[in-house]
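> structure for the following, please:
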Amino acid sequence: METIKSPAIHLFSFADAISTSNQSPEKLFKILDLHDALSNLTPDIEAIFDSESCESIRLKSAEIVSNLADAARGVISEFENAILLEPSKTPVPGGTIHPLTRYVMNYISLISDYKKTLIELIVSKPSAGSGDPAVLDTDLSEYENQSSCLALHLIWIIAILQFNLENKSKHYKDASLSHLFMMNNVHYIVQKIKGSPELREMIGDGYLRKLNGIFRSAATNYQRGTLVRVLYCLRDEGLHMSGSFSSGASRSALRERFKAFNAMFEEVHRTQATWLVPDNQLREELRISISERIIPAYRSFLGRFRIPIERGKHPENYIKYSVEDLENAVLDFFEGYSVSQHLQRRRSE
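Presented below is the predicted three-dimensional model:
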């Protein structure tokens with residue numbers, strides 16, 4: 001008995017050190033592996049050390065399993081607080097996916113792989129900790145009936161992440177880029193959930209619908225902020241006098257309108273070619289949506305008003321783009337070009 005008692009004590013000392021050491025999020029999965037291993041060994045430990053003289057071994061084994069469970073719960077709690085308080089304020093270039101988003105979603109995808117163990121260990125609902133539930137605007141009560149405590153913690157983690165991302169989005173000077181940033185990040189969150197059957201089952205369709213609503217809202221706000229500025233230049237208001245063109249005045253207004261459109265589209269093209277939508281399908285859908293709004297409006301405007309311009313002097317100064325030019329320019333949107341790359345591309349065209 002003494003032959004195996006000494007190695008057992010050494011094993012317990014190692015496990016005890018793990019359970020009481022300073023825990024970083026990355027150690028969670030080692031803690032869970034050790035917890036599962038010792039839990040599976042518990043019947044054997046009780047059978048081997050069944051004598052009264054070995055009671056301390058049995059008690060120590062049970063204590064360490066309990067400590068490992070507490071450590072796992074503590075790591076998750078600390079992880080939640082760390083996401084809420086993650087301090088970076090420098091906007092990621094081009095409004096792409098923030099490293100925090102990738103890290104958190106990859107982390108909770110790994111958590112879902114330990115679903116069986118963690119459902120047994122996580123037995124209490126999330127605590128707001130240093131965050132204010134009113135500020136985070138997430139009412140978990142609507143998900144309590146169909147969700148385990150573990151699932152509620154995962155929903156809470158995503159809500160905290162979203163809250164942090166919204167704060168980060170405010171550091172962009174361009175409102176459209178702020179919306180694009182939120183669209184990219186929430187889309188990534190949704191896709192990660194959909195890509196993991198275990199995670200999707202725990203998050204549930206109700207919260208997934210809420211995230212999809214946030215994504216659609218950000219996409220709509222982005223498009224509205226971008227398109228309104230461009231389409232405003234193609235309005236009819238102010239071009240006509242008494243229902244018809246009156247020689248110089250109306251032609252002058254029309255020239256100014258074409259110049260305004262050219263300048264606005266060039267500004268949007270210059271900036272948004274440097275923005276980035278990393279998801280191929282989403283990038284293409286956005287381009288199509290933008291083209292469906294801008295191209296018909298420009299084609300109509302050009303068809304109705306090009307003749308007065310072409311009959312005047314230097315029409316090329318005002319009608320700078322064909323419909324095909326605009327269609328090709330939209331294909332540059334969201335490629336994440338650097339400013340120098342974009343300028344080089346424009347010179348080569």
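> kindly list the longest helix within the protein.
Using DSSP state H to assign secondary structure, the helix with the most residues in the chain is helix 197-232.
> what is that one packed up against?
For helix 197-232, the contact count by 3 or more CB pairs under 8 Å, 6 or more residues apart in numbering; DSSP states H and E identifies helix 99-113, helix 141-144, helix 149-169, helix 175-194, helix 247-272, helix 280-310 as packing neighbours. Heads up, the C-betas are built off the backbone N, CA and C, glycines and all.
> make a markdown table out of these and add mean neighbour count.
Rendered in a markdown table, the data for the helices and strands packed on helix 197-232 read as follows (neighbours: other CB atoms under 10 Å):
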| stretch | mean neighbour count |
| --- | --- |
| helix 99-113 | 18 |
| helix 141-144 | 13 |
| helix 149-169 | 22 |
| helix 175-194 | 22 |
| helix 247-272 | 17 |
| helix 280-310 | 15 |
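> ranking the ones you listed by mean pLDDT, which is last?
Of all the helices and strands packed on helix 197-232, mean pLDDT reaches its minimum on helix 141-144 (a mean of 77).
> just how off-centre is that helix within its chain?
23 Å (CA atoms, centre = their mean, to the nearest Å).
> same check, this time on stretch 224-240
For stretch 224-240, the distance from its own C-alpha centre to the chain's C-alpha centre is 31 Å (CA atoms, centre = their mean).
> one step back: quick one: which of the helices and strands packed on helix 197-232 is nearest residue 330?
The stretch from the helices and strands packed on helix 197-232 with the least distance to residue 330 (CB to CB) is helix 280-310; that distance is 5.2 Å.
> same for that closest one, what does it pack against?
For helix 280-310, the helices and strands in contact under the criterion 3+ CB pairs under 8 Å, 6+ apart are helix 175-194, helix 197-232, helix 247-272, helix 323-330.
> low-confidence ranges, the stretch 1-150 of the chain, go.
Low-confidence segments of the stretch 1-150 of the chain, defined by pLDDT under 70, are located at 1-22, 48-53, 55-56, 128-139, 146.
> which of the residues in the longest helix of the chain are buried?
By neighbour count on 16 or more other CB atoms under 10 Å, the buried set for helix 197-232 is 199-200, 202-204, 207, 210-211, 214-215, 218-219, 221-223, 225-227, 230-231.
> the residue nearest to residue 78 when sequence neighbours are not counted in helix, strand or coil?
Of all residues not flanking residue 78 in the chain, residue 23 sits nearest, at 6.9 Å (CB to CB, 6 or more residues apart in numbering). Three-state assignment for residue 23 (DSSP: H, G, I helix; E, B strand; the rest coil): coil.
> pretty sure residue 23 sits against residue 68.
No: counting by CB atoms under 8 Å, residue 23 sits too far from residue 68 to count as a contact (10.6 Å).
> now do the shared contacts for those two.
Both residue 23 and residue 68 are in contact with residue 31, where contact means CB atoms under 8 Å, 6 or more residues apart in numbering.
> which of these two has more neighbours?
residue 68 (26 against 19; other CB atoms under 10 Å).
> roughly how far does that one sit from residue 30?
Residue 68 sits 10 Å away from residue 30, taking CB to CB, to the nearest Å as the criterion.
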